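> What would the 3D arrangement of this be:
(one chain, ligands or ions: 1)
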Amino acid sequence: MLAIIGGTGLTRMPGVEWLAERSAMTSLGEASAPVLEAQLEGQRVLFLARHGHPHKVPPHKINYRANLLALQAAGASRILAVNAVGGIDPALVPGTLVVPDQMIDYSHGREATFFDGCYLPLKHIDFTSPYSEFMRQQLLQAGESEGMALVQQGVYATTQGPRLETAAEVRRLAQDGCTLVGMTGMPEAALARELELPYACLSLVVNPAAGLVAGEITLAGMEAVLEQGIGRVMQLLKAVVRRQAEPMI
Ligand code: HPA
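Model prediction:
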């Protein structure tokens, strides 16, 4: 079953019929919220609010391992993650939707693996391509069928937060090749790979990253873009789900 992880601005999916709620408790602690089972476009999907509902868990305090385990226990077989991000590439203006293909992890101090020798014995997963290409293509094809312009590639920098970056930090991220920055891309993607769950990310740019334009980055500004963008995110997710209904080869 497809699972959707909703980020900031998507703690509930509007216009969706809820069928059941699954426990948030796992052997590695409590997920951010109960996993919801829903009917979307005639298909069963799972939904988890990454920050809880209402939004309460900050990025660095999310129990990413519990979130992934809760989704797996609820029957997730693949994951689409939605994230609000800042645009580092000046072309990625607020409102742009990006399907990243690469990432760099700058976060620290997070429980970032199941293979810690306690929960599971050590294994080194291949992470050359951190996102499922199949699922990325599903997103991109859904965008095409909806006539929505999606940016087909991007390098997602995960910073620790909860503060935003300094202008110099953003210049360094740009020099490293990062094109967008958020706080929740990792360890979520790596944990999904460890569980062998195909995973892709849909990023909505809600602000130019620090230092790119004059003035402060405000929460109100980000929320305004989120509010406008979430309709397009839902339209895209629905199109992906409809495509899943078609036989897969
Ligand atoms: N930086 C980090 N995370 C973010 C940003 C940002 O500029 N915007 C939304 N999430």
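
> residue in this structure nearest to the ligand?
residue 86 (2.3 Å; C-beta to the nearest ligand atom). Backbone N, C-alpha and C define where each C-beta goes, glycine included.

> May I ask which helix or strand encompasses that residue?
Assigned by DSSP states H and E, residue 86 belongs to strand 78-87.

> What is that strand packed up against?
strand 2-6, helix 133-145, strand 180-182, helix 188-194, strand 199-208, helix 219-245 (3 or more C-beta pairs under 8 Å, 6 or more residues apart in numbering; DSSP states H and E).

> just the CA coordinates of it, formatted as PDB?
C-alpha atoms of strand 78-87 as PDB (Å, rounded to 0.1, in the frame of the first residue of the first chain):
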ATOM      1  CA  ARG A  78       6.300   2.400  -0.700                       C
ATOM      2  CA  ILE A  79       6.500   5.900   0.500                       C
ATOM      3  CA  LEU A  80       5.900   9.400  -0.900                       C
ATOM      4  CA  ALA A  81       7.200  12.100   1.300                       C
ATOM      5  CA  VAL A  82       6.100  15.700   1.100                       C
ATOM      6  CA  ASN A  83       8.400  18.400   2.400                       C
ATOM      7  CA  ALA A  84       8.400  22.200   2.600                       C
ATOM      8  CA  VAL A  85      11.900  23.500   1.600                       C
ATOM      9  CA  GLY A  86      13.800  26.600   0.900                       C
ATOM     10  CA  GLY A  87      15.100  27.200  -2.600                       C
END
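
> strands paired with the worst-scoring helix or strand of the chain on mean pLDDT, and their directions?
None of the helices or strands of the chain scores lower by mean pLDDT, DSSP states H and E than strand 17-22, at a mean of 87. Under the criterion DSSP bridges, strand 17-22 sits next to strand 35-40 (antiparallel) in its sheet.
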